[in-house]
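K.L.:
Quick one, what's the 3D model for this:
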Amino acid sequence: MLPKFLLADNSQVLPDKIFVIHNEQPRFIVGCDVEGFTIDQEIYWIDEEPASEELKSELLEQAEEFMDLELEYEEELYLLENEEEAEDNKEKPK
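P.N.:
Okay, here's the model as predicted:
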């Protein structure tokens, strides 16, 4: 089973954009600025766009929450790896 959301980028062509992909019906891709979900936001519907504005709003809120949590987790992981690397370098005799 695929995850409900995925993050994607194309840093060589669109370095300031990130994409959130929704893999469940209705499937869609949200392209936005890496600095903010609502900045330069474009929605690409793979399946038919829902008629319900409430459903669309709920799906976009879920996509934004997913993106924020994933980016926060990646930042924490990066900081942790740098701390571990610094500790390893301190322990090595010169």
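K.L.:
okay, which residue is most central for this structure?
P.N.:
In the chain, the centroid-proximal residue (CA atoms, centre = their mean) is Met67; its distance is 3.5 Å.
K.L.:
So that residue, which state does it fall into?
P.N.:
When classified by DSSP: H, G, I helix; E, B strand; the rest coil, Met67 comes out as helix.
K.L.:
Please name the nearest non-neighbouring residue to it.
P.N.:
Using CB to CB, 6 or more residues apart in numbering and skipping residues adjacent in sequence, the residue nearest Met67 is Val20, 5.1 Å away. Backbone N, C-alpha and C define where each C-beta goes, glycine included.
K.L.:
The helix or strand where Glu87 lies packs against which elements?
P.N.:
Counting by DSSP states H and E, the element that carries Glu87 is helix 53-91. Applying 3 or more CB pairs under 8 Å, 6 or more residues apart in numbering; DSSP states H and E, we find helix 53-91 packed against strand 5-10, strand 14-22, strand 28-33.
K.L.:
what sits against the spatially closest residue to Asp40 that is not a sequence neighbour?
P.N.:
Spatial nearest neighbour of Asp40, chain neighbours left out: Asp33 (4.8 Å); criterion: CB to CB, 6+ apart. Each residue near Asp33 by CB atoms under 8 Å, 6 or more residues apart in numbering is listed here: 16-18, 39-41.
K.L.:
hmm, back to that, could you check the helix holding Glu87 and say which residues are buried?
P.N.:
56, 59-60, 63-64, 66-67 (16 or more other CB atoms under 10 Å).
K.L.:
Could you do stretch 42-50 as well?
P.N.:
Residues of stretch 42-50 classed as buried by neighbour count (16+ other CB under 10 Å): Ile43.
K.L.:
And that stretch, end to end?
P.N.:
Taking CA to CA, to the nearest Å, the first and last residues of stretch 42-50 lie 16 Å apart.
K.L.:
Can you tell me what sits against it?
P.N.:
With contact meaning CB under 8 Å, 6+ apart, stretch 42-50 is reached by 25-32, 56, 59-60.
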